[in-house]
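[1] need a structure here:
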Amino acid sequence: MNDSILVLHGDRTTPLLAAHSAALDQVLRQEGWQAGASWREVPYERTRPSLGGVDWLIVANVAVDIDAESAPSLKGIVKLGRFGSRVALLPGAASQVKFSVVPDPYFVSCAEHALALTLALCRRIVPLDRAVRQGVDEPRPIVTTSVQRLPNWLGLASGTIRTISQSTVGIVGMGEIGLETARLFAALGANILYHKRNRLSASDEESIGAQWVELRTLLAQSDIVSLHLPHTEDTAHIIGAEELALMRPDAVLINTARGGLVSEPALVDALKAGGIAGAGLDVYEVEPLPRESALTRLENVVLAPHVGVYPMAEEVRYKPVVAALSRMRREA
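    Residues are numbered from 1 along each chain as shown. All right, here's what the predicted structure looks like:
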């Protein structure tokens, strides 16, 4: 008898459903599953779906309550993304249903990209690479040994290089990608603030080590502001001239989410005037970024071509999911 597998997802996955469905089915076949998965779009708000006839459930970027009555045959659940609290196993279901949380490689990749852009800015990787390639006349070269070396031979002023340790990082939008980003920065010793329309539970905040604050407070107190929001009518230009004016002159802005979150003219003005120290951008209001964009002529900007999660084969995302399903099936 074939196992019935269902994926619950939100509407942002729907336009890409064909590719994701094909990738998941391919991995399932490779791991010896006879049946492919069905997909069902549900609201992002917490729901209690009817799961009659479903043996195995994959929960993507949505929140669900599972009870025994609505899921009589359910054997196991894999939550894609670290927010395991988005799946609530109600009394009755908790004792009969296995549960596994699998980090989403897409979310991890985007978080790593946000960190990479931040490091490029704070460590001044791009201009220093260029300077090293150009070479210097002074000081004269020496042959380095265990005791003879020439640190800082470009003569950088104190404070040119900044560390993430002990800095304050403000995460705007604490969804799955925001969570992964917070984890990376916290691992480097940063203090984490976050702003989200619907505040996380106290237990989630404690597990992440993040403190909720109003957006204005986050912008004013953060050394690094990283955006992780969808682009909606409510979030369009959530960072404009007024918000940029709240940021510290030594702060940097990172956007790996959506270009429409930031007013690019206001950002260019702030970068030129020294209102903020720099920006790391992977997304833009117009893509590809036009050659004539003022952003391309600023030295305090690091630019990338919208590759936070691309190019990544969809199969990569679902291999750990199917591995978790297979492990639960063996243990059932």
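
[2] endpoints of stretch 28-48, how far apart?
    26 Å (Cα to Cα, to the nearest Å).

[3] Provide a list of residues in contact with the spatially most central residue of the chain.
    Centroid check for the chain by Cα atoms, centre = their mean gives Ile177 as the closest residue, at 2.7 Å. Neighbouring residues of Ile177 by Cβ atoms under 8 Å, 6 or more residues apart in numbering: 107, 110-111, 228, 256-257. Just so you know, the C-beta spots here come from the backbone N, C-alpha and C atoms, and that holds for glycine as well.

[4] dump those into CSV; add neighbour count as well.
    Formatted as CSV, the contacts of Ile177 follow (neighbours: other Cβ atoms under 10 Å):
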residue, neighbour count
Phe107, 25
Cys110, 25
Ala111, 27
His228, 28
Thr256, 27
Ala257, 25
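
[5] quick one: which of those sit in helices?
    107, 110-111 (DSSP state H).

[6] can you tell me how far Asp11 is from Ile177?
    Separation of Asp11 from Ile177 (Cβ to Cβ, to the nearest Å): 17 Å.

[7] for the residue nearest to Arg199 when sequence neighbours are not counted, list each beta-bridge partner.
    Nearest non-adjacent residue to Arg199, counting by Cβ to Cβ, 6 or more residues apart in numbering: Trp212, 5.0 Å away. Counting by DSSP bridges, Trp212 forms beta bridges with Tyr194.

[8] how about Trp212, what does it touch?
    Here Trp212 is in contact with 193-196, 199-200, 205 (criterion: Cβ under 8 Å, 6+ apart).

[9] from Gly52, how far off is it?
    Using Cβ to Cβ, we find Trp212 at a distance of 38 Å from Gly52.

[10] top of the contacts of Trp212 by number of neighbours, please.
    Tyr194 (25 neighbours; other Cβ atoms under 10 Å).

[11] output the contacts of Ile177 in JSON lines, with distance to Lys319 appended to each entry.
    Output for those, formatted as JSON lines (distance: Cβ to Cβ, whole Å):
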{"residue": "Phe107", "distance to Lys319": "15"}
{"residue": "Cys110", "distance to Lys319": "18"}
{"residue": "Ala111", "distance to Lys319": "19"}
{"residue": "His228", "distance to Lys319": "24"}
{"residue": "Thr256", "distance to Lys319": "23"}
{"residue": "Ala257", "distance to Lys319": "25"}
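
[12] distance between the host helix or strand of the residue nearest to the centre of the chain and the chain's centre?
    Using DSSP states H and E, Ile177 sits within helix 176-187. Distance of helix 176-187 from its chain centroid, counting by Cα atoms, centre = their mean, to the nearest Å, is 7 Å.

[13] and for stretch 167-174?
    Worked out by Cα atoms, centre = their mean, stretch 167-174 lies 11 Å from the chain centre.

[14] how about stretch 187-201?
    The answer for stretch 187-201 is 13 Å, by Cα atoms, centre = their mean.

[15] and what of stretch 15-30?
    That offset, for stretch 15-30, works out to 22 Å (Cα atoms, centre = their mean).

[16] cool, stretch 306-325 as well?
    14 Å.

[17] can you show me the CA trace of that stretch as PDB?
    Provided in PDB are the C-alpha atoms of stretch 306-325 (Å, rounded to 0.1, in the frame of the first residue of the first chain):
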ATOM      1  CA  HIS A 306      19.700  38.500  -6.400                       C
ATOM      2  CA  VAL A 307      21.400  35.200  -5.500                       C
ATOM      3  CA  GLY A 308      20.400  34.800  -1.900                       C
ATOM      4  CA  VAL A 309      18.900  31.400  -2.600                       C
ATOM      5  CA  TYR A 310      19.800  31.000  -6.300                       C
ATOM      6  CA  PRO A 311      21.100  29.200  -8.100                       C
ATOM      7  CA  MET A 312      20.100  26.200  -5.900                       C
ATOM      8  CA  ALA A 313      18.600  23.100  -7.300                       C
ATOM      9  CA  GLU A 314      15.100  22.500  -5.700                       C
ATOM     10  CA  GLU A 315      16.200  18.900  -5.000                       C
ATOM     11  CA  VAL A 316      18.700  20.300  -2.400                       C
ATOM     12  CA  ARG A 317      15.800  21.700  -0.400                       C
ATOM     13  CA  TYR A 318      13.900  18.400  -0.200                       C
ATOM     14  CA  LYS A 319      16.700  15.900   0.400                       C
ATOM     15  CA  PRO A 320      16.800  16.500   4.200                       C
ATOM     16  CA  VAL A 321      13.000  16.500   4.300                       C
ATOM     17  CA  VAL A 322      12.700  13.100   2.600                       C
ATOM     18  CA  ALA A 323      15.600  11.800   4.800                       C
ATOM     19  CA  ALA A 324      13.500  12.700   7.900                       C
ATOM     20  CA  LEU A 325      10.400  11.100   6.400                       C
END
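
[18] buried residues, that stretch. List them.
    For stretch 306-325, burial by neighbour count (16 or more other Cβ atoms under 10 Å) applies to 306, 308-309, 314, 317-322, 324-325.

[19] out of those, who's nearest Val268?
    His306 (18.8 Å; Cβ to Cβ).

[20] before we move on, which element is the residue lying farthest from the centre of the chain in?
    The C-alpha centroid of the chain is most remote from Arg140, which lies 44.6 Å away (Cα atoms, centre = their mean). Counting by DSSP H and E, no helix or strand carries Arg140.
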